[in-house]
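Colleague: I would like to see how this sequence folds:
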Amino acid sequence: MTLRRYPKGSAKRLEILDAALEVFTTEGYRATSLRGIAERAHITPAGIMHYFDSKEQLLSTVLQHRDALDVRRSDLDAQTNPVESLAQIMDSNMKVPGLVTLYLTIAAAAVDPHHPAHDYLERRYHLLSGWLTSWITEMSQAGLVPQVVYPAGVATAIVAQADGIQFQWLLDPSVDMGMHVRRGGRRLLGLPFDKPIPQLPNPWTMRRALQLYPVTMVTGERVGEAPVGH
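Modeller: Predicted structure coming up:
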């Protein structure tokens, strides 16, 4: 497929975001500096501030960029379920502690309504909880899990579990985040922790999830609608 062309300013902004992701991944959160990101993006630190209002806005946009890239790179038609998708993200996160630290640090700061990441993280939690609530409701109606009286509450607990296990993992890297999300999710659904989650008759896919709650790239494109470049 051909690469989508962006205006020059947008293209440079994406280059800075890609550079920041690379630096956080390879250097870790504490070792990453604005200068290091600038060097990777072939620009000056002052030049970065031409594209972002503040360092906080840059870091917040890096999170959004990474989340959307993760979805875009996934197989949108693979049959899965939201608990397994979260567990696979945890498996991947164990390879990038710098990005996990970045996420938790910004998430804590973003409780301030004036923080640049506040609105995005609010939308992110709405999206994740929405996916899970819709799926749990379908599972319950199909008789594949015990009758769930409050699907939204179970969905919130599953998301909270995924966030909490990342904090514990940073304190103790021996924690297997993916395993705990899988087992904890099953128990929250009232299923045996050591058995696979049943599949819906109309299998759940990321494409179905995106139809309910779209993910938007930092360029404004919706994942699943824009062409994917290599």
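
Colleague: for the residue minimising distance to the centre of the chain, which residues are in contact?
Modeller: The residue lying closest to the centre of the chain (C-alpha atoms, centre = their mean) is D67, at 3.9 Å. Counting by C-beta atoms under 8 Å, 6 or more residues apart in numbering, D67 touches 124, 215. C-betas here are computed from N, CA, C, even on glycine.

Colleague: now do the SS call for it.
Modeller: With DSSP: H, G, I helix; E, B strand; the rest coil as the basis, the three-state label of D67 is helix.

Colleague: H180 versus that one, what's the distance?
Modeller: Using C-beta to C-beta, to the nearest Å, one gets 21 Å for the distance from D67 to H180.

Colleague: with adjacent residues omitted, what lies nearest to E56?
Modeller: Closest residue to E56 apart from its sequence neighbours, by C-beta to C-beta, 6 or more residues apart in numbering: P116 at 5.1 Å.

Colleague: and if you look at P201?
Modeller: In space, P201 is closest to A142, 6.5 Å off (C-beta to C-beta, 6+ apart).

Colleague: F193 now?
Modeller: Looking at F193 with C-beta to C-beta, 6+ apart, the closest residue is R183, at 4.1 Å.

Colleague: gap between the one you found and L21?
Modeller: 30 Å.

Colleague: who's more crowded, those two?
Modeller: Set R183 next to L21 and count neighbours by other C-beta atoms under 10 Å: L21 wins out with 21 against 18.

Colleague: next up, phi/psi of that one, please.
Modeller: Per-residue torsions, L21: phi -60, psi -40 (degrees, to the nearest 10).

Colleague: ditto for Q199
Modeller: According to degrees, to the nearest 10, Q199 has phi -100, psi 140.

Colleague: and it, how many neighbours?
Modeller: Q199: 14 neighbours (other C-beta under 10 Å).

Colleague: mind starting the numbering at 8 from now?
Modeller: Yep, numbering from 8; the last one is Q206 now.

Colleague: who are the contact partners of the closest residue to it other than its chain neighbours?
Modeller: In this structure, Q206 finds its nearest non-sequential neighbour in Q86, 6.5 Å apart by C-beta to C-beta, 6+ apart. Applying C-beta under 8 Å, 6+ apart to Q86 gives the contacts 206, 210-212.

Colleague: again, only this time at 7 Å
Modeller: With contacts defined as C-beta atoms under 7 Å, 6 or more residues apart in numbering, Q86 is in contact with 206, 210, 212.

Colleague: ok, A169 next?
Modeller: Contacts of A169 (C-beta under 7 Å, 6+ apart): 93, 97, 188.

Colleague: run through who's touching whichever strand or helix holds the second one.
Modeller: Spelled out, it's M97. Element membership for M97, per DSSP states H and E: helix 89-100. Here helix 89-100 makes contact (C-beta under 7 Å, 6+ apart) with 77, 107, 138-139, 142, 165, 169, 172-173, 184-185, 188-189, 192, 204.
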